[in-house]
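J.: What would the 3D arrangement of this be:
(2 chains)
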Amino acid sequence: MPLPLKGTCNGMLLTCSALVTAWAEVEETLKRIQAHKGVIGTIVVNAEGIPIRTTLDNSTTVQYAGLLHQLTMKARSTVRDIDPQNDLTFLRIRSKKHEIMVAPDKEYLLIVIQNPCE
Amino acid sequence: PPPRVREGPCGSTSPPDKGGRGPAARPPPPAGTMEIVYVYVKKRSEFGRQCNFSDRPAETNVDIQPDPSQARNFIERDPIDAAIQCASDMSEHEVNTERFEMENEGVNHLEGGWPKDVNPLEMEQTIRFRKKVEKDENYVNTIIQLGSLMEHCIKQNNAINIYEEYFDDEETADIADEPPSAKTINVFRDPNVIKRTATHLSWHPDGSKKLAVAYSSLEFQRSSKDMSYESYIWDLENPNRPDLVLRPSSTLVSLEYNPKDSHILVGGCYNGQIAYWDTRKGGQPVELSTVEFSHRDPVYGMIWLQSKTGTDCFSASTDGQVLWWDIRKLTEPTETLVMDISRKGVLENALGAIALEFEPTMPTKFMVGTEQGVVITCNRKAKTPAEKIVGTYSGHHGPIYALARNPFFPKNFLTVGDWTARIWSEDSKESSIMWTKYHMAYLTDGCWSTIRPVVFFTTKMDGTLDVWDFLFKQNNPSLSVKVCDEPLFSLRLQDNGRFIGCGSKLGTVTLLEVSSGLCTLQRNEKNVATAMFERETKREKILEARHREMRLKERTKAEGKEEDVKVETEEETPEELLARVQKEFFEIIEAEIRRKERAAKLSRAQVAQRPGLPKGWGVAL
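T.: Numbers count the residues shown, from 1 in each chain, chains lettered A, B, ... in the order given. Sure, this is the predicted structure:
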């Protein structure tokens, strides 16, 4: 594991150890999401569409990343066009085979593909 | 000068004469056409003069004075309620923009927008980049926050099915008695500049998501050199561009999907050849029949047969032949039959075949509708060609464009031709058992509904689609929809009975959906339909028997009288017959004119007698 660096969080200087725990928490969160029942895959995409973290194979990841990124941008712009004060918080696409859930943020996108059991 | 009536080419008026000389010579009109052309003559000296308008004072033509005595017929009203509204005037307009061709195109990036210094193919660089991002503060916080949001939704999904249909198992409500209606779902236009008629439609056998349309120009020798020979298969979802383009060597008049194999289509061409396509192999026909053994006229009818190999079909054309083919070997037909009702197999006497009918449940029988208005039933398995023609039904005045058996009552079949549609029963050979009234426009195609045994559809030359419900109303169609302004030539119902495709003269195929009342089986309908068909058949049989008796009586009487009296009432010669008919016709017309004049005179007298209008009204006549 590379050496942890100093960084700022919410305007406060965090110590190295705090950063390490934060980083571990991220790992734990992603692992927990992946471990839920029915979850097929998890992808984290950044604002440029580059997949940062994924549990699926490369080609699938790249496809999901590219397409869902565009769709999320479109959805967000739709919501904001209708009401500029509004913003997109979550996007769910249910298809015959599974459900794709996208949690958008300014810079990153968390995509989870789940098979909802009925 | 009085108008000069003259024969001239169709649709043209001759230019005004110069100097009163005779009009320039024109080529003689094609045989059989006669156009009445009005020629008006203007003196050369009168050319170029402008119209002279002049003013004149207004003339009072009629002045009706108010008649105060009329006021006694009215009661003054006090108080009066008057409504006023103080609002701005608004008007509503609808605008339909011109058709806009749209195309969807997408670009798929393979890898995201990697920064310039990172080579996406290098594993180390990408891993390093990723690790760098993961160390970012922002990343950490974002992921934690998004993660909790995501977990909530995942758990929600796992807990219950939030999209569950709760009232699925309840029966759909009884169909309200709504009036029948039809809705246009989609319109497929011929993309070529020179439009051709959509002469035949065929639905894809699985699921009916595609429609094959044969385009050709049926007008005799009117097809121009630039007319394209292509026919198209349309995907219902995309009306802008055909799914597959079929390129025969001559325009297709009929086209049918193979019900057993949805990749194979067989088409009959305008020049009489048969071609078959495999959609997996593209737009060129896989094989074409040889010209020597094909038909000599356009192939109007083409139907697939039920066979073990699924490759048999038969075709009919106005050259008087019905040919059977095996598409694996299109070099020559497997069997031929000449439509000669004198059963001698002479091609010169044969009737031109237009419509074919074949029911897979009765594989040995088939029926042919001819140009002369006769339906011929045939038996395929007869030993000699003479026996193959079993019987004939005549009753139409013109070519029979459609022939179809009722899917629920195979003994009854529908024929569409001239200005009527007729329903026949196989048992009554003299005439049809039921028929529609004579319409103002030619009927061009028809078919039974696949769901309701008494509903059938017909298309007419004035562009209307009629839906007949014979249990409900027999004198008029239950629903008449004006699909387009140009004549409709073909019709095809989808297997579920709900969607109809209609092809028009300009190659526009309209897809309509009929209301549920016309495509769901009503209670007790089959029994009532059976009773109706039986009743009509019985009526025809009784009439037939009666006719036969009368004819027998006439014959015996004639034979008895022959020795006594010379045949005075000779058969009228055709000229005498024509003269007599003409006289009768004019008598009827004159009687009608006289009646109209009398009625007009009466109404005019009534108007003159009417008293003047009350005070305050002025009327201009």
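J.: so where do the helices sit in chain A?
T.: A:16-35, A:58-82 (DSSP state H).
J.: Comparing those helices, which yields the minimum mean pLDDT?
T.: Of all these, the minimum mean pLDDT falls on helix A:16-35 (a mean of 80).
J.: Check which residues of that helix are buried.
T.: Across helix A:16-35, burial judged by 16 or more other C-beta atoms under 10 Å in any protein chain shown covers A:Leu19, A:Ala22, A:Trp23, A:Val26, A:Thr29, A:Leu30, A:Ile33. Yep, even glycine has a C-beta here, placed from its N, CA and C like the rest.
J.: Repeat that for stretch B:388-405.
T.: B:388-389, B:393-396, B:399-405.
J.: ok so, going back, quick one, which of the helices of chain A gets closest to chain B.
T.: Closest to chain B of the helices of chain A, according to C-beta to the nearest C-beta: helix A:16-35, at 3.8 Å.
J.: got the CA positions of that closest one in CSV?
T.: Taking C-alpha atoms only, helix A:16-35 is exported to CSV below (Å, rounded to 0.1, in the frame of the first residue of the first chain):
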residue,chain,number,x,y,z
CYS,A,16,-2.3,10.9,8.0
SER,A,17,-4.1,8.3,10.1
ALA,A,18,-7.5,10.0,9.7
LEU,A,19,-7.0,9.8,5.9
VAL,A,20,-6.1,6.1,6.2
THR,A,21,-9.3,5.4,8.1
ALA,A,22,-11.3,7.4,5.6
TRP,A,23,-9.8,5.4,2.8
ALA,A,24,-10.5,2.2,4.5
GLU,A,25,-14.1,3.2,5.0
VAL,A,26,-14.5,3.7,1.3
GLU,A,27,-13.2,0.3,0.7
GLU,A,28,-15.6,-1.1,3.3
THR,A,29,-18.5,0.8,1.8
LEU,A,30,-17.9,-0.5,-1.7
LYS,A,31,-17.4,-4.0,-0.4
ARG,A,32,-20.6,-3.9,1.6
ILE,A,33,-22.5,-2.7,-1.4
GLN,A,34,-21.2,-5.5,-3.5
ALA,A,35,-22.0,-8.0,-0.9
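J.: tell me which strands and helices that helix is in contact with?
T.: Under the contact criterion of 3 or more C-beta pairs under 8 Å, 6 or more residues apart in numbering or on different chains; DSSP states H and E, helix A:16-35 touches strand A:7-9, strand A:39-46, helix B:123-135, helix B:137-159.
J.: With mean pLDDT and mean neighbour count added, can I get the ones you listed in TSV?
T.: Below are the helices and strands packed on helix A:16-35 laid out as TSV (pLDDT from 0 to 100; neighbours: other C-beta atoms under 10 Å in any protein chain shown):
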stretch	mean pLDDT	mean neighbour count
strand A:7-9	46	13
strand A:39-46	90	22
helix B:123-135	83	14
helix B:137-159	87	17
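J.: Redo those as CSV? Include distance to B:Asp206.
T.: Formatted as CSV, the helices and strands packed on helix A:16-35 follow (distance: least, C-beta to C-beta, whole Å):
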stretch, distance to B:Asp206
strand A:7-9, 60
strand A:39-46, 31
helix B:123-135, 46
helix B:137-159, 34
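J.: between these, which one is nearest to B:Asn527?
T.: With C-beta to C-beta, the closest approach to B:Asn527 among these belongs to helix B:137-159: 51.3 Å.
J.: following that closest one, which helix or strand comes up?
T.: strand B:182-188 (DSSP states H and E).
J.: ok, the residue nearest to B:Pro180 when sequence neighbours are not counted - contacts?
T.: Distances taken as C-beta to C-beta, 6 or more residues apart in numbering or on different chains put B:Leu479 closest to B:Pro180, at 4.3 Å, once the chain neighbours are dropped. Going by C-beta atoms under 8 Å, 6 or more residues apart in numbering or on different chains, B:Leu479 touches B:Pro180, B:Ser181, B:Ala182, B:Asp466, B:Val467, B:Val514, B:Leu518.
J.: How about the fourth one: what's its closest non-neighbour residue?
T.: What it means is B:Asp466. B:Pro477 (3.7 Å).
J.: Dihedrals phi and psi, the one you found?
T.: When quoted as degrees, to the nearest 10, the phi and psi of B:Pro477 stand at phi -70, psi 150.
J.: you'd agree it is up against B:Val467?
T.: Yes. The criterion here is C-beta atoms under 8 Å, and B:Pro477 meets it with B:Val467 at 5.8 Å.
J.: And the strands in the stretch 351-500 of chain B?
T.: B:353-358, B:365-370, B:374-379, B:389-394, B:400-405, B:412-417, B:420-425, B:434-435, B:443-448, B:455-460, B:464-469, B:479-482, B:488-493, B:499-504 (DSSP state E, counting those that start in this stretch).
J.: what about the last one, average pLDDT?
T.: Pointing back at strand B:499-504 there. Summarised as a single mean, pLDDT over strand B:499-504 is 90.
J.: What ranges in the stretch 151-300 of chain B fall below the confidence cut-off?
T.: Across the stretch 151-300 of chain B, the ranges flagged by pLDDT under 70 are B:162, B:168-177, B:221-223.
J.: what does it have sitting close to chain A?
T.: Residues of the stretch 151-300 of chain B found near chain A (C-beta under 8 Å from any C-beta of the partner chain) are B:Glu151, B:Cys153, B:Ile154, B:Lys155, B:Asn157, B:Asn158, B:Asn161, B:Tyr163, B:Glu164.
J.: can you rerun that using 6 Å?
T.: For the stretch 151-300 of chain B, the contact set with chain A under C-beta under 6 Å from any C-beta of the partner chain comprises B:Cys153, B:Ile154, B:Asn157, B:Asn158, B:Asn161.
J.: if I look at the closest residue to the fourth one other than its chain neighbours, how far off is B:Asp312?
T.: Pointing back at B:Asn158 there. Once flanking residues are discounted, B:Asn158 sits nearest to A:Lys37: 5.2 Å by C-beta to C-beta, 6+ apart. With distances taken as C-beta to C-beta, to the nearest Å, A:Lys37 is found 56 Å from B:Asp312.
J.: Tell me, how many residues neighbour residue 90?
T.: In the absence of a named chain, chain A is used. 14 (other C-beta atoms under 10 Å in any protein chain shown).
J.: you looked at the wrong chain, it should be chain B
T.: 5.
J.: And B:Ala529, by the same measure?
T.: 21.
J.: can you check A:Tyr64 too?
T.: Neighbourhood size, A:Tyr64 [other C-beta under 10 Å]: 21.
J.: Can you check the pLDDT for the residue nearest to B:Asp466?
T.: If you check B:Pro477, the pLDDT there is 86.
J.: tell me the contacts of B:Leu414?
T.: B:Ala404, B:Ile423, B:Gly446, B:Phe456 (C-beta atoms under 6 Å, 6 or more residues apart in numbering or on different chains).
J.: Throw those residues into JSON lines and include distance to B:Ala58 and pLDDT, thanks.
T.: Listed next are the contacts of B:Leu414 as JSON lines, based on distance: C-beta to C-beta, whole Å; pLDDT from 0 to 100:
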{"residue": "B:Ala404", "distance to B:Ala58": "67", "pLDDT": "88"}
{"residue": "B:Ile423", "distance to B:Ala58": "65", "pLDDT": "89"}
{"residue": "B:Gly446", "distance to B:Ala58": "60", "pLDDT": "90"}
{"residue": "B:Phe456", "distance to B:Ala58": "62", "pLDDT": "90"}
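J.: From B:Leu479, how far off is B:Arg523?
T.: From B:Arg523 to B:Leu479 the distance is 21 Å (C-beta to C-beta).
J.: Flag every residue of chain A that's near chain B.
T.: A:7, A:9, A:22, A:26, A:29, A:33, A:36-37, A:48-50, A:52, A:66, A:101, A:103, A:105, A:108, A:110, A:112, A:114, A:116, A:118.
J.: Write the ChimeraX selection for whichever of these are buried.
T.: With 16+ other C-beta under 10 Å as the criterion, this ChimeraX line picks the buried residues out of those:
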select /A:7,22,26,29,33,36,49,50,52,66,101,103,105,108,110,112,114,116
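J.: Name the nearest residue to B:Asn379, sequence neighbours excluded.
T.: B:Val390 (5.2 Å).
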